[in-house]
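Q: Attaching a predicted model along with its sequence, questions to come.
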Amino acid sequence: MKINRTAYDAGRSNWVSGETADGYAFEAQVFAEPSMWGIPTARFEEGGNVSRLRVLDPDGREAYAYDRGLDGEPGDEALDAALEIIATLEAAFCEEA
């Protein structure tokens, strides 16, 4: 997975973008610590370190959107892509054990 950290500025915007190997593009706001506003994960059930996530399918259509809550119901493939992205971002950015 490719993660572009050009726009990332810890403490300010915290935005990253990237693309999965399957062609899903994403923009995400990530933090070093989990938050109640973040997307819950197995590691952080009360909320993770990704607080906003927008995923576009390979055709450029919005497939998954989370902004302090899930917007709509993603399909299975989009959900799988989003979970892969979330896990990768959690591993790359989250400092809490």
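A: Received, thanks.
Q: for the chain, what spans make up the helices?
A: 76-93 (DSSP state H).
Q: Could you list the low-confidence segments of it?
A: Low-confidence segments of the chain (pLDDT under 70): 10-11, 96-97.
Q: All the strands of it, residue numbers only.
A: Using DSSP state E, the strands of the chain run over 2-4, 15-19, 25-30, 50-56, 62-67.
Q: Which of those sits closest to Ile85?
A: Of all the strands of the chain, strand 25-30 sits nearest to Ile85, with 5.2 Å by CB to CB. For glycine as for every other residue, the C-beta is placed from the backbone atoms N, C-alpha and C.
Q: so what strands line up beside the closest one?
A: strand 15-19 (antiparallel), strand 50-56 (antiparallel) (DSSP bridges).
Q: that older thread, TSV for the strands of the chain, including mean neighbour count?
A: As requested, the strands of the chain are exported to TSV (neighbours: other CB atoms under 10 Å):
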stretch	mean neighbour count
strand 2-4	13
strand 15-19	17
strand 25-30	22
strand 50-56	21
strand 62-67	18
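Q: Make CSV from those and add distance to Glu90 to it.
A: CSV is the format used below for the strands of the chain (distance: least, CB to CB, whole Å):
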stretch, distance to Glu90
strand 2-4, 12
strand 15-19, 12
strand 25-30, 8
strand 50-56, 7
strand 62-67, 14
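Q: May I ask you to confirm that Glu95 is in contact with Val30?
A: No. Contact criterion CB atoms under 8 Å: Glu95 and Val30 do not qualify, at 11.2 Å.
Q: Quick check: bridge partners of the closest residue to Asp71 other than its chain neighbours?
A: Of all residues not flanking Asp71 in the chain, Ala65 sits nearest, at 4.0 Å (CB to CB, 6 or more residues apart in numbering). For Ala65, the beta-bridge partners are Arg54 (DSSP bridges).
Q: Tell me how far Ala65 lies from Val30.
A: Using CB to CB, to the nearest Å, we find Ala65 at a distance of 16 Å from Val30.
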